[in-house]
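Novice: predicted model follows, preceded by the sequence.
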Amino acid sequence: MPDALPGALPPAPGLSPLADEFSRAYWDAARDGTLLIQRCRSCGRCQFYPRGHCAACFAPDPEWIPASGHGRVHACTVIRRTPNAEFAADCPYVLAIIELDEGPRLTARIVGDVGDIACDEPVHVVFTPAGETFVLPNFALDGR
Ligand SMILES: [Zn+2]
């Protein structure tokens, strides 16, 4: 399991993402420190979240490819209060939409030093244990 950055989120006992037939490969790779995305075998478009078809051309069975792990902050917000008791101890934390260099956008937390975070800042993936069996891809600002 990869090391988390200083300031990374602690494991969240009792919470686990759902690994289904489409997402199991994604979660397995995250556990090994790899961020996977899907690429269409027909049109070549990359996509996230995992699906059984291409969202652009509907071709079946997109392939998994490792993402670079680099992208930019598309949008972000600071979560200061949450109705979810499981996340209350984490507040405040930054939730962001990351645009990967490959194109797809995904939602993740920004961990580590996030002072003065702004849209379009470059980020890189980090992996944070969540519970006993899952590792969450999160992001950290480059150079911090
Ligand atoms: Zn396609």
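Specialist: Noted; the coordinates are in hand. Numbering: from 1, shown residues only.

Novice: and the strands in the chain?
Specialist: Assigned by DSSP state E, the chain shows strands spanning 36-39, 46-47, 63-66, 70-79, 93-100, 105-111, 122-130, 134-141.

Novice: list the buried residues for the least confident helix or strand in the chain by mean pLDDT?
Specialist: Counting by mean pLDDT, DSSP states H and E, the chain has its least confident helix or strand at helix 85-88, which shows a mean of 82. The neighbour-count check on helix 85-88 (16 or more other Cβ atoms under 10 Å) flags residue 87 as buried. (Each C-beta comes from the backbone N, C-alpha and C, glycine too.)

Novice: let's have the strands of the chain in CSV, adding distance to residue 55, mean neighbour count and mean pLDDT.
Specialist: Supplementary listing: the strands of the chain in CSV, determined by distance: least, Cβ to Cβ, whole Å; neighbours: other Cβ atoms under 10 Å; pLDDT from 0 to 100:
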stretch, distance to residue 55, mean neighbour count, mean pLDDT
strand 36-39, 9, 22, 98
strand 46-47, 5, 18, 98
strand 63-66, 14, 12, 98
strand 70-79, 17, 16, 97
strand 93-100, 15, 20, 96
strand 105-111, 12, 19, 96
strand 122-130, 22, 20, 93
strand 134-141, 20, 22, 93
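
Novice: is it possible to get a markdown table of the ones you listed that adds distance to the ion?
Specialist: Output for these, formatted as a markdown table (distance: least, Cβ to the ion, whole Å):
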| stretch | distance to the ion |
| --- | --- |
| strand 36-39 | 9 |
| strand 46-47 | 8 |
| strand 63-66 | 11 |
| strand 70-79 | 21 |
| strand 93-100 | 17 |
| strand 105-111 | 17 |
| strand 122-130 | 24 |
| strand 134-141 | 23 |
